[in-house]
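Asks: model the structure of this input:
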Amino acid sequence: MLNEEICKLRDKLNKSIEDGDDYAITYKLSVELDELIAKYYRDSKNSKKKLVVDFV
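Replies: Next up is the predicted model:
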């Protein structure tokens, strides 16, 4: 689910760059993408911790 959001936003960002959109729009999309990627890694890290705790 989060992977899909990341892919969609990445495509939107790439299109913004290709189309030469205003820098503010491209920057906003880039920041949003960074936040989603960070959330993805936080969620992955937390799920791994949970697995370790479940086995202990």
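
Asks: any low-confidence regions in the protein?
Replies: Counting by pLDDT under 70, the chain shows low-confidence ranges at 49-56.

Asks: is it true that Asn3 touches Lys39?
Replies: No: using CB atoms under 8 Å, Asn3 is not in contact with Lys39; the gap is 11.3 Å. (Each C-beta comes from the backbone N, C-alpha and C, glycine too.)

Asks: the more surrounded of those two?
Replies: A count of neighbours by other CB atoms under 10 Å puts Lys39 above the other of Asn3 and Lys39, at 13 against 9.

Asks: number of nearby residues for Leu13?
Replies: Neighbourhood size, Leu13 [other CB under 10 Å]: 20.

Asks: so it touches Leu29, yeah?
Replies: Yes: in this structure Leu13 lies within contact range of Leu29 using CB under 8 Å: 4.3 Å.

Asks: now do the strands in this protein.
Replies: Counting by DSSP state E, no segments of the chain form strands.

Asks: distance between whichever helix in it runs longest and the chain's centre?
Replies: If you go by DSSP state H, the chain has its longest helix at helix 23-55. From the chain centre to the centre of helix 23-55 is a distance of 6 Å (CA atoms, centre = their mean, to the nearest Å).

Asks: ok, Ser30 touching Leu13?
Replies: Yes: Ser30 lies in contact with Leu13 (CB under 8 Å); the separation is 6.0 Å.

Asks: show me what counts as buried in stretch 36-50.
Replies: Residues of stretch 36-50 classed as buried by neighbour count (16 or more other CB atoms under 10 Å): Leu36.

Asks: same question, stretch 14-32
Replies: Applying 16+ other CB under 10 Å to stretch 14-32 flags 16, 26, 29 as buried.

Asks: count of neighbours near Asp34?
Replies: Count around Asp34 with other CB under 10 Å applied: 11.

Asks: CA atoms only: put stretch 2-9 into CSV for me.
Replies: The C-alpha coordinates for stretch 2-9 follow below in CSV (Å, rounded to 0.1, in the frame of the first residue of the first chain):
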residue,chain,number,x,y,z
LEU,A,2,2.7,2.5,1.0
ASN,A,3,4.8,1.2,-1.9
GLU,A,4,2.0,2.1,-4.3
GLU,A,5,1.8,5.6,-2.9
ILE,A,6,5.6,6.0,-3.2
CYS,A,7,5.5,4.9,-6.9
LYS,A,8,2.6,7.2,-7.7
LEU,A,9,4.2,10.2,-6.1
